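J.: Fold the following for me, if possible:
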Amino acid sequence: MANDQKQAWLDFSKGISTEHIKNSYHNPTSFQSDFNILLRDHINKHRVKSAIEIGCEAGISLMLLNNELEKSTFLDYDDTILAKVDKAVAELDLKGTHCVCEDMFTMNSIPDESYDLAFNSGVIEHYTKPVRKNAIASYARITKKGGYVIVAFPNHYSLPYRLSYRLGKMLGKKVWPWPKEYKFYDLKDEMAAAGLEYLGRVTMDRETIFKIKVCKYKPSRAFFELLDRFMHFEGYLTVCIAKKP
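T.: Have a look, this model is predicted:
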């Protein structure tokens with residue numbers, strides 16, 4: 001992983017407070033809410049007891065699942081943000097939580113086959129395909145046999161999001177501290193290379209695509225809403241699911 005990317009995220013996390021984390025827990029974004037529904041349904045269907053959010057940063061997705069799990073692990077390479085997460089979960093009275101400060105490509109302190117579910121969101125899109133393969137292989141290693149790996153990332157095949165991303169790059173603007181995102185449809189190859197059984201791709205959170213840059217003003221939003229009647233845009237978030245045989 002490039003050191004400049006790592007430092008960019010470390011700097012970004014300094015601005016996240018414990019109060020911000022707790023507020024996000026009580027007021028999740030639309031993509032966090034939609035992703036939570038998918039994860040919660042998956043946990044209940046497959047009787048998942050343990051989960052790890054890899055590259056968790058504020059860890060909202062895993063916090064929202066706390067009542068469904070016996071063991072919740074927040075993993076990030078930033079010990080400063082993990083200290084804030086640890087404080088937030090204590091103040092929120094969430095149970096069975098644990099924080100691990102590790103690089104997601106190694107996770108040396110975590111034994112093989114430790115979790116029923118390994119997941120993340122908004123991480124993998126910042127890496128090339130060879131690096132994505134390494135990351136998914138690392139996720140697979142710590143997942144139990146019969147367990148699942150679920151990875152979510154922005155959907156560059158949804159036209160409003162793709163245009164907003166390109167427009168932002170042309171204008172020199174960025175939403176995240178590391179603005180480079182790679183366009184890929186799914187993680188089928190990466191998951192297969194890790195020895196996982198690829199189960200499929202779903203998209204969600206159509207609400208966000210009509211709020212982003214190209215839909216900021218009423219005329220442009222009306223145009224894309226009209227276009228959507230014919231093109232049926234996919235949602236902002238892509239989610240790929242795989243099982244460890």
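
J.: Just list what the longest strand seen in the chain packs against, helices and strands only.
T.: Identified as the longest strand of the chain according to DSSP state E is strand 143-154. For strand 143-154, the elements it packs on are helix 30-46, strand 115-121, helix 129-141, strand 237-243, judged by 3 or more C-beta pairs under 8 Å, 6 or more residues apart in numbering; DSSP states H and E. In short, each C-beta sits where N, CA and C put it, glycine included.

J.: Mean neighbour count, the ones you listed: which tops it?
T.: strand 115-121 (a mean of 25; mean count of other C-beta atoms under 10 Å).

J.: could you give me the average pLDDT of it?
T.: Average pLDDT, strand 115-121: 99.

J.: CA atoms only for that strand - export them in CSV, please.
T.: Taking Å, rounded to 0.1, in the frame of the first residue of the first chain, the C-alpha atoms of strand 115-121 are listed here in CSV:
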residue,chain,number,x,y,z
TYR,A,115,-14.6,-15.3,12.0
ASP,A,116,-18.0,-16.4,10.5
LEU,A,117,-18.0,-13.1,8.6
ALA,A,118,-15.3,-10.8,7.3
PHE,A,119,-16.6,-7.6,5.6
ASN,A,120,-15.9,-4.0,4.8
SER,A,121,-17.2,-1.0,2.8
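
J.: Who does it pair with, and is each partner parallel or antiparallel?
T.: Sheet pairing for strand 115-121, assigned by DSSP bridges, gives strand 50-54 (parallel), strand 143-154 (parallel).

J.: will you turn those strands into JSON lines that also has distance to A137 and mean pLDDT?
T.: Formatted as JSON lines, the strands paired with strand 115-121 follow (distance: least, C-beta to C-beta, whole Å; pLDDT from 0 to 100):
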{"stretch": "strand 50-54", "distance to A137": "12", "mean pLDDT": "99"}
{"stretch": "strand 143-154", "distance to A137": "10", "mean pLDDT": "98"}
